[in-house]
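Chemist: Requesting a structural model of the entry that follows:
(2 chains)
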Amino acid sequence: MRKRLTPYLFLTGPLALYFIWVIYPIFRTFIVSFTRWDGMTKEKFVGLDNFVLLFNDRYFILSLINNFKWMIGFVILSIPLGLLFAMLMDQKYPGHKVYKSLIYLPMALSFVVIGQIWSWILEPTGGIVNSFLRYIGLGTLAKPWLSDPKIVTYSLIWAALWRQIPYAMVLFLAGLQSVNKEHVEAAIVDGANAFQRFWYVILPELRPALVIAVTVNIIDSLRAFDIVFVMTRGGPFYSSSVMANYMYIQAFHNYRMGYGAAIAVVQFLITLGFILVYVLNVLKREERL
Amino acid sequence: MKRKWKAVAFYALCTLIAIIWMVPFMVAIFTSFKTMDEIFMLRNFWSPPKTWTFENFKIAWREGRMGRYFFNTAIVTSVSVAGTLFLSSLSAYALAWYEFKFRTAILMVFVAGMLIPFQMLLIPVYRFSVVTGLYDTLIGVILFHVAFQLGFCTFFLRNFMVTIPSSLFDAAKMDGAGDFMIYSKIVMPLVKPAVAALGILEFTWIWNDYLWSLILLQSDAKKTVTIGLTTLQGQWISSWNIIAAGALLAATVPVVVFLIFQRYFIQGLTLGSIKG
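Modeler: Purely as a prediction, here's the structure:
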């Protein structure tokens, strides 16, 4: 009898905390999303009203579209660049570790710090981007990067990539460890050039790392919050808002908890597919080990 | 000959990338050492200061109360990391070593929870802290961090524990070691490297947390560095030099920790490859 209970004894503490702060809240948010609630008075059940409202809310649609911009930006930029950096840094020339450390460094920073640093870089008058453009005679391209509704989201994505690209690089460097060196050497013997070696030998073997890197980037793009909040608060006029931001504003500034919960649920449902892809891949990778 | 050119290309490209990656840091460092006069006169963030001043750091630390925020973050981070590592090692041990009915189900619960977008937790966690009186207390933030990180840490440590050969475990049992003894004297010493990697990752994540401090804390005396920084921003609007000094102060600890334990950080990130 004692034997059977032992694992549960070890699990009691962790599971109790986990249930209170993680599992129960997930279910609770689903319930709240079907109510109208200011967070203080009694919740009023309203069925699917919040969700109907959401899809007629142009600011929510705007946030949703921005999330997709983040997703595309993350995938088409941090994946190829992360891979390129990883291929480059995988060459074991003396000093490659120093280069890696320098590029990894933004990963140690909080998004608050990253957001502030990029606010100075993108500052319209004295910021380095506009100053540089004027310096090389392309002053006409200088822009108010964070206050022009048309470009602000791209500016934020750019700032986030400073950290996201090194992260993709980490994943690819790990993937490169498992590329069979003999295959690469065999390709060299067969006279394959660098591009052919990469395309026909290395890339197929990097497939698992690629799938993980893409899903991680997509999941990250869908939960972007801090950097938007710090740099623009989603403005001007919601033009750089993302779902997580809009959810926060609705729930905690406008006291529309039910509406906020509905946004979280939509965000969760969109992420769910990618989460499943990720979990299946991690499990597969583990079995192989 | 060909090799030589390849080396040249390697160093040229890497140097270029490294410079581009370092530019934002340089901008922050330059800005933090400038006087307000210089910033307003020249308005160029990219040039080194004409006169270097330490004043901004002093102001950020004292008047900006960064010292206070630092202290709070240090407490939250150290207690949360210790708590998470301890509790997750318990659950990982149970899930790795015992055959019991709900083993797979419990593991799945931990794995699933770690992937949920945190917006799904905001409202209930906030309400829960208000109702229980944990709102605006450091312990409230700590308890949340510990619980929230349990999924990832349990999953991470379990993966290491299952690789320990079961013969070791059986031998200990033969010698009459109890369950807790096996956990503390055999399993834990063997997974020390994994615990180190995990500890560093968790340290940077919790130190850099912004959202949860924003949701769970209110009074100035309880604020953490990330929140303190945004307060600084509001208080010293367009005094970029002081904000930059504050940002650098806030970044010091995680950057130093990262540089010293980089190997573990990267290891943890690759092995756990789930969040950044």
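
Chemist: Give me the buried positions along the one helix or strand in chain B whose mean pLDDT sits lowest.
Modeler: The least trusted helix or strand in chain B, going by mean pLDDT, DSSP states H and E, turns out to be helix B:36-42, with a mean of 80. Neighbour counts using 16 or more other C-beta atoms under 10 Å in any protein chain shown place B:36, B:38-39 of helix B:36-42 among the buried residues. Every residue, glycine included, has its C-beta placed from N, CA and C.

Chemist: Can you list the neighbours in contact with the helix or strand containing residue A:85?
Modeler: When elements are assigned from DSSP states H and E, residue A:85 belongs to helix A:79-89. Applying C-beta atoms under 8 Å, 6 or more residues apart in numbering or on different chains, the external contacts of helix A:79-89 come out as A:96, A:99-100, A:103, A:161, A:164-169, A:171-173, A:175-176, A:198, A:202, A:206, A:210, A:213-214, A:217, B:10, B:13-14, B:17.

Chemist: what about residue 140, how many neighbours?
Modeler: With no chain named, the answer covers chain A. Counted with other C-beta atoms under 10 Å in any protein chain shown, residues neighbouring residue A:140 total 8.

Chemist: meant chain B, my bad for not saying
Modeler: 22.

Chemist: Please apply the same query to the one 10 residues further on.
Modeler: Using other C-beta under 10 Å, residue B:150 has 27 other residues around it.

Chemist: Am I right that it sits in a helix?
Modeler: Yes. Residue B:150: assigned to a helix according to DSSP: H, G, I helix; E, B strand; the rest coil.

Chemist: What lies in contact with stretch A:163-179?
Modeler: A:74, A:77-79, A:81-83, A:85-87, A:89-90, A:100, A:103-107, A:109, A:111, A:114, A:201-202, A:205-206, A:208-210, A:212-213, A:216-217, A:220, B:21, B:266, B:269-270, B:273, B:276.

Chemist: Show me how far it is from its chain's centre.
Modeler: 15 Å (C-alpha atoms, centre = their mean, to the nearest Å).

Chemist: List phi and psi for residue A:262.
Modeler: phi -60, psi -40 (degrees, to the nearest 10).

Chemist: Can you give me every residue that contacts the residue nearest to it when sequence neighbours are not counted?
Modeler: Counting by C-beta to C-beta, 6 or more residues apart in numbering or on different chains, residue A:262 lies nearest to residue A:50, which is 3.7 Å off, once chain neighbours are set aside. Counting by C-beta under 8 Å, 6+ apart, residue A:50 makes contact with A:33-36, A:258-259, A:261-262.

Chemist: can you pull the contacts of residue A:227?
Modeler: A:111, A:114-115, A:156, A:159-160.

Chemist: got TSV for those, with secondary structure, distance to residue A:242 and neighbour count too?
Modeler: As requested, these are exported to TSV (DSSP: H, G, I helix; E, B strand; the rest coil; distance: C-beta to C-beta, whole Å; neighbours: other C-beta atoms under 10 Å in any protein chain shown):
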residue	secondary structure	distance to residue A:242	neighbour count
A:111	helix	13	24
A:114	helix	16	25
A:115	helix	14	25
A:156	helix	9	28
A:159	helix	13	26
A:160	helix	11	26
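
Chemist: got those as CSV, with distance to residue B:171 and pLDDT columns?
Modeler: Below are the contacts of residue A:227 laid out as CSV (distance: C-beta to C-beta, whole Å; pLDDT from 0 to 100):
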residue, distance to residue B:171, pLDDT
A:111, 48, 92
A:114, 50, 95
A:115, 54, 93
A:156, 56, 96
A:159, 54, 95
A:160, 51, 95
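
Chemist: which residues touch residue A:113?
Modeler: B:229, B:247, B:250-251.

Chemist: at 10 Å what do you get?
Modeler: A:106, A:230, B:24, B:28, B:208, B:210, B:225-226, B:229, B:244, B:246-251, B:254-255 (C-beta atoms under 10 Å, 6 or more residues apart in numbering or on different chains).

Chemist: got it, and residue A:17?
Modeler: B:83-84, B:87, B:91, B:143-144, B:146-148, B:150.

Chemist: Just the CA atoms of the helix or strand where it lies, as CSV, please.
Modeler: For residue A:17, the element it lies in under DSSP H and E is helix A:2-18. What follows is helix A:2-18, C-alpha atoms only, in CSV (Å, rounded to 0.1, in the frame of the first residue of the first chain):
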residue,chain,number,x,y,z
ARG,A,2,2.8,2.4,0.9
LYS,A,3,4.5,1.6,-2.4
ARG,A,4,1.5,2.7,-4.4
LEU,A,5,1.2,5.9,-2.6
THR,A,6,4.9,6.9,-2.9
PRO,A,7,4.7,8.7,-6.3
TYR,A,8,1.7,10.6,-5.2
LEU,A,9,3.5,11.8,-2.2
PHE,A,10,6.1,13.3,-4.4
LEU,A,11,3.5,14.7,-6.7
THR,A,12,1.2,16.3,-4.2
GLY,A,13,3.0,19.6,-3.8
PRO,A,14,3.8,20.3,-7.4
LEU,A,15,0.4,19.2,-8.7
ALA,A,16,-1.5,21.3,-6.1
LEU,A,17,0.3,24.5,-7.2
TYR,A,18,0.0,23.5,-10.9
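
Chemist: How many residues are close by residue B:170?
Modeler: 10.

Chemist: repeat for residue A:82
Modeler: Using other C-beta under 10 Å: residue A:82 sits among 23 other residues.

Chemist: can I assume residue B:172 is in contact with residue B:180?
Modeler: No. Using C-beta atoms under 10 Å, residue B:172 makes no contact with residue B:180, being 11.7 Å away.

Chemist: Distance to residue B:53 added to the buried residues of helix B:36-42, as TSV?
Modeler: Listed next are the buried residues of helix B:36-42 as TSV, based on distance: C-beta to C-beta, whole Å:
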residue	distance to residue B:53
B:36	10
B:38	9
B:39	11
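
Chemist: just those residues that are near chain A?
Modeler: residue B:39 (C-beta under 10 Å from any C-beta of the partner chain).

Chemist: What are the contacting residues of whichever strand or helix holds residue A:29?
Modeler: Here residue A:29 sits within helix A:24-32, counting by DSSP H and E. Helix A:24-32 is contacted from outside by A:18-19, A:37, A:39, A:43, A:45, A:50, A:251, A:257-262, A:264-265, A:268, B:112-113, B:116-128, B:147-148, using C-beta under 10 Å, 6+ apart.

Chemist: Chain neighbours aside, what residue packs nearest to residue A:247?
Modeler: residue A:263 (4.0 Å).

Chemist: Name the spans of the chain whose pLDDT lies under the cut-off.
Modeler: If you meant another chain, say so; for now it's chain A. Within chain A, the segments meeting pLDDT under 70 span A:1-3, A:282-289.

Chemist: look at chain B instead
Modeler: Looking at chain B by pLDDT under 70, you get B:1, B:273-276.
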